[in-house]
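1. return a 3D structure for these sequence lines:
(chains A and B)
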Amino acid sequence: MMKKNISKFLLIFILLGLAVGVSFNRYLTFLATLSAINAIAVMGIVVISGYTGQLNLGQAAFVGLGAYTVAILGVSYGISFWIAIPVAIGVTAFFGILMGIPALKLKGGPYLALVTQTFGEIIYLAIMNLENFTGGPFGILGIEYPSIAGYTFSGLREYFFLCIAFLSVCYFLCRRIVDSPLGLVFTGIRESEDAEQSIGINTMYYKIMAFAIAAILGGIAGTLYAPFIGYISPDQFRWYPSLLLVSMAIVGGINSIGGGILGAFVLTFLPELLRLTDQFRLILYGLLVIAMLALLPEGLVSLYGKSWSEIRRMLSTRIQALRSRKLSQPR
Amino acid sequence: MNLVYFVQQSFNGLTTGIIYGLIALGFSMVYQALGCLNFSHTVSVMIGALLAYTFIVGFSLSVWTALLLIVVLLWIYGWAVNFFFFRYFLNMSKLIFMLVSISLAGVLQQVALIFWGPEARAVPNMLGSGTIEFFGILVPVQNIILFAISLLTLAALLFFFNRTKFGLSMRIAAEDPETASLMGVNVQRTRSATFAITAVLGGIAGFLVAPLYGVTLNLGQSLALKMFVAAVVGGIGFLPGAIGAGLLVGLLESLSSAYISSGWRDVIIFGAGIAVLAVRPLGIFRKAVTKH
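-> Below is the predicted model:
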């Protein structure tokens, strides 16, 4: 039932997004496009961290790899966007596997956090240092909008529809993956890796596969991001955006793909809604995120399909739990 | 290979290394006591450095008064952060605590931006200038004093955890909070003391790092990942390991920028960190122990 709810939810959501896109507000269209791109990258985090239970603090690096692949191929070699996408998928899958390998032995927690975060930083530093190839700190300018059969997705609204199309395809594929036996293996790794190994499943293989899927989704987000912004520099893909993507996943609900998409939209729009408060904007934003984490640890998606009184009851038990001073701590 | 140059670079590396070690120690201590990763830890380094600038350059206080004030203020800061935020999240999932600390770091950095403004500041060479020569090796006096302060801090900490009643109760509360509380330890107090002590450690590190790196609002961020490498490679939650790995990180950093390339320096450090964890998943200084 949960599954059905979320897919219905998403449908409404995409429709709403389309409505925004069709409306004539360029600024909102811009934000909605950015949200859709973020949502694809967040989906990767949902697969690797939500379903497989492997923390990934380096997702933005894969977005960067995808963006740089498109930019370098397009600007330096004049290769079209549509050929660059499979190349970007190959590149990000390769690096995802590369990151998965040292992460295999680690039993979660701080060790995995470190490996994924430093791996992202290494990619950032490599982009920074390979100046002849990537433009170093100056980045790459003048990435062109993709075109197909003589039609260019040049306007903001056209590009928004393209991103929504990509988002829908990725959502569909992710749903297929997590609902398949493969998805069950992933959840099994999260719940108990030892139990899964004991029934003869090669968890190493599946973990690497999960890392690769997450990396590919990040890469696809990157390929859409580069032409959209038109200018990329290494700073856009450092560890802070990675952490932002993880908070999107958590705020929306890391255990469902719909939740991840919701989180991406909410946290992309929220700082803009708070723009009126000027210099207190980021302070308010941070405090709001903390409050959401405190009140809805399962994510915003846990509100869906509940009546007001149920929500009120849920929140009051939550507040009581926050007030209690139990000493036991999950290790 | 010039031996004098090598030794000199090594000593410079150890000087920054002990600072990384101090910061990593605080991070590791929170993990040991609470099993949580406190990503806002380096904010205390930034605050320490900013306060060092304000007290020494702004109010022209003496260096030692400034250090004392920093210790007191950072103690209050650490306590307050726990009181207003962290204590509510200790029983939740580790991922949520981590994200709370990350968001909090962003908030505090913005608050600091409002108070101090965005410009970078230089702190004068407050710990003494000039160099001392040992067997042809020039060592700046500043580095020696910096090393001495770090060692004194560590000695004080060692004394606190081994010889005082409250220190011992903090250790037992970290080991097993429920049993500790049955034995009369006020676990809420030891927890807030953990945050206060780690904030003070970060503040002292910030005070020490101010003349070396200059004071900017990004100071914490640029140190964060190296501190994290040191804490985890040393075996997170294993306190001597944090210092040892901090020294190794500093040494590797200084030697690789001296002999290989300063652009690729950090890649070497992070790559080495990942490689170490691939071979020894629990860090270099710790043996695998099962709890049961």
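
2. residue A:320: what's it in contact with?
-> By CB atoms under 8 Å, 6 or more residues apart in numbering or on different chains, residue A:320 lies in contact with nothing. Placement of C-beta: from N, CA and C, glycine included.

3. sort out which residues of stretch A:115-134 are buried, please.
-> A:115-129, A:134 (16 or more other CB atoms under 10 Å in any protein chain shown).

4. who touches it?
-> Here stretch A:115-134 makes contact (CB under 8 Å, 6+ apart) with A:55-61, A:64-65, A:68, A:72, A:95, A:98-99, A:102-103, A:106, A:136-137, A:140, A:234, A:237-239, A:242, B:225, B:228-229, B:263-264, B:266-267, B:270-271, B:273-274, B:277.

5. about what we covered before: now the two most distant members of the buried residues of stretch A:115-134.
-> Spatially, the most separated pair among the buried residues of stretch A:115-134 is A:115 and A:134, at 23.4 Å (CB to CB).

6. just the pLDDT for residue 77.
-> Let's take chain A. If you check residue A:77, the pLDDT there is 87.

7. please refer instead to chain B.
-> Here the pLDDT value assigned to residue B:77 is 96.

8. residue of the stretch 201-331 of chain A nearest chain B, please.
-> Using CB to the nearest CB, residue A:286 is the residue of the stretch 201-331 of chain A that sits closest to chain B, at 3.6 Å.

9. surely that residue and residue B:110 touch.
-> Yes. Contact criterion CB atoms under 8 Å: residue A:286 and residue B:110 qualify, at 7.3 Å.

10. more neighbours, the two?
-> Under the neighbour definition other CB atoms under 10 Å in any protein chain shown, residue A:286 and residue B:110 were set side by side, and residue A:286 has more, 22 against 19.

11. what about the residue nearest to the more buried one when sequence neighbours are not counted, which helix or strand?
-> Spatial nearest neighbour of residue A:286, excluding adjacent residues (CB to CB, 6 or more residues apart in numbering or on different chains): residue B:107 at 3.6 Å. Assigned by DSSP states H and E, residue B:107 belongs to helix B:94-116.

12. for that helix, what is the distance to the chain centroid?
-> 17 Å (CA atoms, centre = their mean, to the nearest Å).

13. other SSEs contacting the next helix or strand after that helix?
-> The first helix or strand that comes after helix B:94-116 along the chain, using DSSP H and E, is strand B:131-134. Packing partners of strand B:131-134 (3 or more CB pairs under 8 Å, 6 or more residues apart in numbering or on different chains; DSSP states H and E): strand B:137-140, helix B:141-163.

14. dump those into a markdown table; add mean pLDDT and distance to residue B:206 as well.
-> Below are the helices and strands packed on strand B:131-134 laid out as a markdown table (pLDDT from 0 to 100; distance: least, CB to CB, whole Å):
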| stretch | mean pLDDT | distance to residue B:206 |
| --- | --- | --- |
| strand B:137-140 | 80 | 20 |
| helix B:141-163 | 90 | 12 |
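
15. one step back: which of the contacts of stretch A:115-134 are buried?
-> Taking 16+ other CB under 10 Å as the criterion, what is buried in the contacts of stretch A:115-134 is A:55-61, A:64-65, A:68, A:72, A:95, A:99, A:102-103, A:106, A:140, A:234, A:237-239, A:242, B:225, B:228-229, B:264, B:266-267, B:270, B:273-274, B:277.

16. which ones among those residues map onto helices?
-> A:59-61, A:64-65, A:68, A:95, A:99, A:102-103, A:239, A:242, B:225, B:228-229, B:266-267, B:270, B:273-274, B:277 (DSSP state H).

17. so how many other residues sit close to residue B:49?
-> Using other CB under 10 Å, residue B:49 has 31 other residues around it.

18. now for the helix or strand hosting it, which elements pack on it?
-> For residue B:49, the host element (DSSP H and E) is helix B:41-53. Counting contacts by 3+ CB pairs under 8 Å, 6+ apart, helix B:41-53 packs against helix B:3-34, helix B:63-84, helix B:94-116, helix B:187-213, helix B:219-233.

19. distance between the second one and the chain's centre?
-> Spelled out, that is helix B:63-84. Its chain's average C-alpha position is 15 Å from that of helix B:63-84, according to CA atoms, centre = their mean.

20. what's that helix in contact with?
-> B:40, B:44, B:47-48, B:51-52, B:55-56, B:61, B:104, B:126-127, B:149, B:191-192, B:195-200, B:202-204, B:206-207.

21. rerun that using 7 Å as the cut-off
-> The contact list for helix B:63-84, computed with CB atoms under 7 Å, 6 or more residues apart in numbering or on different chains, reads B:44, B:47-48, B:51-52, B:55-56, B:126-127, B:191-192, B:195-196, B:198-200, B:202-204, B:207.

22. hang on, the earlier thing: surely the residue nearest to residue A:286 and residue A:287 touch.
-> Yes. Residue B:107 is within contact range of residue A:287, at 6.1 Å (criterion: CB atoms under 7 Å).

23. who's in contact with the residue nearest to residue A:286?
-> Neighbouring residues of residue B:107 by CB under 7 Å, 6+ apart: A:283, A:286-287.

24. hmm, try it at 8 Å
-> Going by CB under 8 Å, 6+ apart, the list of residues near residue B:107 reads A:282-283, A:286-287, A:290.

25. make CSV from the helices and strands packed on strand B:131-134 and add mean neighbour count and distance to residue A:46 to it.
-> Below are the helices and strands packed on strand B:131-134 laid out as CSV (neighbours: other CB atoms under 10 Å in any protein chain shown; distance: least, CB to CB, whole Å):
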stretch, mean neighbour count, distance to residue A:46
strand B:137-140, 16, 51
helix B:141-163, 15, 41
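
26. neighbours around residue 252, how many?
-> As the question left the chain open, I've gone with chain A. Other residues near residue A:252 come to 29 when the count uses other CB under 10 Å.

27. not quite, go with chain B.
-> Around residue B:252 there are 18 residues (other CB under 10 Å).

28. do you know how far it is from chain A?
-> 14 Å (CB to the nearest CB, to the nearest Å).

29. is it true that that residue touches residue B:271?
-> No. Applying CB under 8 Å, one finds residue B:252 not in contact with residue B:271, separated by 10.3 Å.

30. and residue B:261, helix, strand or coil?
-> For residue B:261, the assignment made with DSSP: H, G, I helix; E, B strand; the rest coil gives coil.

31. for it, list the residues it contacts.
-> No contacts exist for residue B:261 under CB under 8 Å, 6+ apart.
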